[in-house]
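In: sharing a model prediction with you, sequence too.
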Amino acid sequence: MIELVGKIGSMALIDPNNRDLDYNKFNSIARSLRPGMIWVSSGAVEIGRLDYMRRSGKELSGDKDLVKTDYAAQGQAILMQTYRNFVSPTFSVRQILVEHNHFNDVQKREHVKGLLLRAAKQNAIPIVNYNDAVSGEETRKTEIEFLRAQNDSAVELVDNDETASQIACLVEAKILLILSTLEGIYADLSDPKSLVSEISGDSADEVCKKLDALQQQCHGASRAGANGAKAKLEYIKPCVQKGTKVIIASSKYSLNDILAGNTPATRIFKK
């Protein structure tokens, strides 16, 4: 049984004042990780961008998809090295890079599932990220369109919120934790008092109906480029159906405090 699948976004790992990695955040997360947990971490593209600028004094120019690819390839090694520096030396750390096709093919899904489940038994912590370095946006769109022409549903992995949700479903995790810049889901993003602290029901279907209703109130995102609360709530529905408890909380809190229920958050579960 996988205890936790957790996800953190890029900007939560960056210290904006120093334009560098937030080593305190890496340390806080990594010290809480242990076998039986799977950590989905964004950050490779932004970390690669900052590292390139620091070494060359300028940003890359040209096709934005190719620039993203090059930054991801540079940042991924730094991302993994930083986690390795802070995770307890008694645990192994394993890098797992996934793409949309790994979740749209039965054999590939089973391969990824086996890899993740074996890690828990082998005293290892998987650190997962979408493989931006080899999966261009145009290629992904073309492949997704082809899949949808054959089947109405296809996993796209537009961001790591979806990646984490798909992994939590795959391994039937007890908890899916999505760390956000906000303290959870708000009924009204402009009203800080409208935090929805709990979405629960006697059945998974009842919970999903409440998610449907809440989605109608969700508009916009916390920052440019983010997919927003509405997308998060859509991604987690399959997890709810499998009995996974979902927590959406702020990355400013420690994992231990969030999981202990000591912080504000949106907690979604079947009673």
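Out: Done, it's in. Numbering: from 1, shown residues only.

In: model confidence over stretch 64-80, on average?
Out: Average pLDDT, stretch 64-80: 95.

In: typo on my end, it should be stretch 153-164
Out: 86.

In: same deal with stretch 262-271?
Out: For stretch 262-271, the mean pLDDT works out to 96.

In: how long is that stretch end to end?
Out: 20 Å (C-alpha to C-alpha, to the nearest Å).

In: what about that stretch, distance to the chain center?
Out: Computed by C-alpha atoms, centre = their mean, to the nearest Å, the chain-centroid distance of stretch 262-271 equals 18 Å.

In: what does that stretch contact?
Out: Residues outside stretch 262-271 that contact it (C-beta atoms under 8 Å, 6 or more residues apart in numbering): 183-185, 195-204, 206-207, 211, 236, 240, 243, 245-250, 253, 257-258, 261. (Glycine included, C-beta is placed from N, CA and C.)

In: keep only those of the residues you listed that are in helices.
Out: Using DSSP state H, the members of those that fall within helices are 204, 206-207, 211, 236, 240, 257-258.

In: return the residues in contact with residue 133.
Out: By C-beta under 8 Å, 6+ apart, the neighbours of residue 133 are 44, 69, 72-73, 76, 97.

In: now swap in residue 51 and tell me
Out: 74-75, 78.

In: pick the one among those closest to residue 58.
Out: Ranked by distance to residue 58 (C-beta to C-beta), the contacts of residue 51 are led by residue 74 at 14.1 Å.

In: now the buried members of the contacts of residue 133.
Out: 44, 69, 72-73, 76, 97 (16 or more other C-beta atoms under 10 Å).

In: residue 96 touches residue 125, doesn't it?
Out: No: counting by C-beta atoms under 8 Å, residue 96 stays clear of residue 125, with 10.5 Å between them.

In: which one of these two is surrounded by more residues?
Out: Shown here are residue 96 and residue 125; by other C-beta atoms under 10 Å, residue 125 has more neighbours (22 against 18).

In: just checking, the more buried one is part of a strand?
Out: Yes: assigned with DSSP: H, G, I helix; E, B strand; the rest coil, residue 125 falls within a strand.

In: my read: it touches residue 90, true?
Out: No: using C-beta under 8 Å, residue 125 is not in contact with residue 90; the gap is 10.8 Å.

In: show me this protein divided up by domain.
Out: Split into domains by automatic domain parsing, the chain comes to 1-135, 174-271.
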